[in-house]
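Colleague: got a predicted structure here, sequence first:
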Amino acid sequence: MLSELFTIGNLTIKNRLIAAPMAGISDLPFRSLCYKYGAGLAFSEMFLANSQIWHTEQSKQKLANSQELGIKAVQIIGSDPDEMAKTAILNMKSGAELIDINMGCPAKKVNKNLAGSALLQYPKLVERILMSVVQAVDVPVTLKIRTGWNKANKNCLEIAQIAQKCGIKAITIHGRTRECLFKGFAEYDSIRQIKQYISIPVIANGDIIDPEKAEEVFQYTKADAIMIGRGALGRPWIFEDIAFYLQYGKFKSEKSIDEIKTIVLLHLKALHQYYGEKKGLQIARKHVIWYTQNYAGSDHFRRLFSVIDNANQQFDALEAFFQEIKF
C-alpha cells in the first residue's frame, strides 16, 4: 500500500514513505542515502527566512542541489509573511520543486522568535504566512505542524483547515504538542481526525521507528503517507525495510556487517566531499555514533572516534571496528 504512487500538487511521489527534515542532519549526503534505500521524498533541513544570512556557506548548502536523486524539497522557517515569501522564491529559483513550511519545530531558540510551533498559537498569522508563500511561488507548498501548543490548546484541525483554504497541497502532523517536545509517546487520534475533515494529503509523523509501527500508524490514521525522522538515524535503509514488511507481511533480512560497513563508509566519504575535511569530520562523528550505538562494546570505539581529526584515520578506525565485530 505504501509503495503506491501519490501526488502533492503537480508532483508524483514514487511511494508513501517520506524522510523528515531534521536540523543538522537532513543534508544532501543523508537525503541521498534515504532516497537510495527507499524514501519516496526527502525534505532538506530548515532554511531560515532571514536574508541577512543567505550569503553564508551554511545557507547555500541548504539550497536545492542539482545532485539531488529525487524531488528537490526544501523546508523554510520563519514568522514574517513577506520574508517567508522571499525565502520561498529564492529556493524556487535555486531549483526547489516543493516548499515546506515549518510550524512544528519545538526548539526554544526557534520559538522565542515566534517561529516553528510557536506560530500555532496565532492562527491569523499562520493564515497570512501560508497565503503569502503560496501566492509567491509556482511550486507546491506543504506544511508541517504539531497537534498544538500544549494539551489544553490542541488546534491542529483548525490549522489544517486554514492550510487547505490557503492552497497548501499537503500537511504533515507530528503527534505531539510543542509542550511535549519529544517526550512520552506520539498520539495519532489527532491525525486520524484531521484526515476525516480535509481533502489534501495528510502525512503522519512521530515515533515511527520500525515496520510494525509504520503499519499500525498507517492503518489507524488512514494517512496518505508516513514521515520518518529519528527512526532513520543510523539506519537510512529503514524505508526499504518498511516497504518490504508492508508488501510481504514479514521482516526483511537484516543487513550483514559488510553491507552496513559499505553504507557507513559511503556516507563518510560523501560528507567529506560535500563539506570538506574539517567540517566533514565533525558531522561524521554524530552519524557514526548512530550507526554503531547498538553494537555490544561500542562505547569505547565511539569515544575514540570522537577525537579523530584526520579523514583517513576515520576510515581506518571504521574498517577496524567492523572487522572486529564481524568475528
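Modeller: Structure's in. What do you need?

Colleague: so Ala204 bridges to which residues?
Modeller: Ile173, Ile226 (DSSP bridges).

Colleague: check contacts around it.
Modeller: Ala204 makes contact with Thr172, Ile173, Gly175, Tyr188, Ile191, Val217, Phe218, Thr221, Ala223, Ala225, Ile226, Met227, according to Cβ atoms under 8 Å, 6 or more residues apart in numbering. The way it works is simple: take the backbone N, C-alpha and C, and place the C-beta from them, glycine included.

Colleague: and the second one, what pLDDT?
Modeller: It refers to Ile173. Ile173 carries a pLDDT value of 98.

Colleague: roughly how far apart are it and Lys144?
Modeller: 8 Å (Cβ to Cβ, to the nearest Å).

Colleague: have a look at those two and say which one is more surrounded.
Modeller: Each of Ile173 and Lys144 has its neighbours counted (other Cβ atoms under 10 Å); Ile173 has more, 31 against 25.

Colleague: not counting the host helix or strand of Ile263 itself, show me its contacts.
Modeller: In the assignment (DSSP states H and E), Ile263 maps to helix 257-275. Helix 257-275 is contacted by residues 27-30, 32-33, 61, 236-237, 255, 280-281, 283-284, 287-288, 291, 311, 314-315, 318-319, 322, 325-326 when judged by Cβ under 8 Å, 6+ apart.

Colleague: let me see the contact set for the closest residue to Ala214 other than its chain neighbours.
Modeller: The spatially closest residue to Ala214, leaving aside those adjacent along the chain, is Ile242, at 4.5 Å (Cβ to Cβ, 6 or more residues apart in numbering). The neighbourhood of Ile242, defined by Cβ under 8 Å, 6+ apart, consists of Leu2, Leu17, Gly38, Asp210, Pro211, Ala214, Glu215, Ile228.

Colleague: in strands only, show me those residues.
Modeller: Among the contacts of Ile242, the ones falling in strands (DSSP state E) are Leu17, Ile228.

Colleague: dihedrals phi and psi, Gly148?
Modeller: Dihedral pair for Gly148: phi 160, psi -180, per degrees, to the nearest 10.

Colleague: surely it touches Gly175?
Modeller: No. Using Cβ atoms under 8 Å, Gly148 is not in contact with Gly175, being 10.9 Å away.

Colleague: follow-up on the earlier one: tell me the buried residues within the contacts of Ile242.
Modeller: Leu2, Leu17, Gly38, Asp210, Pro211, Ala214, Glu215, Ile228 (16 or more other Cβ atoms under 10 Å).
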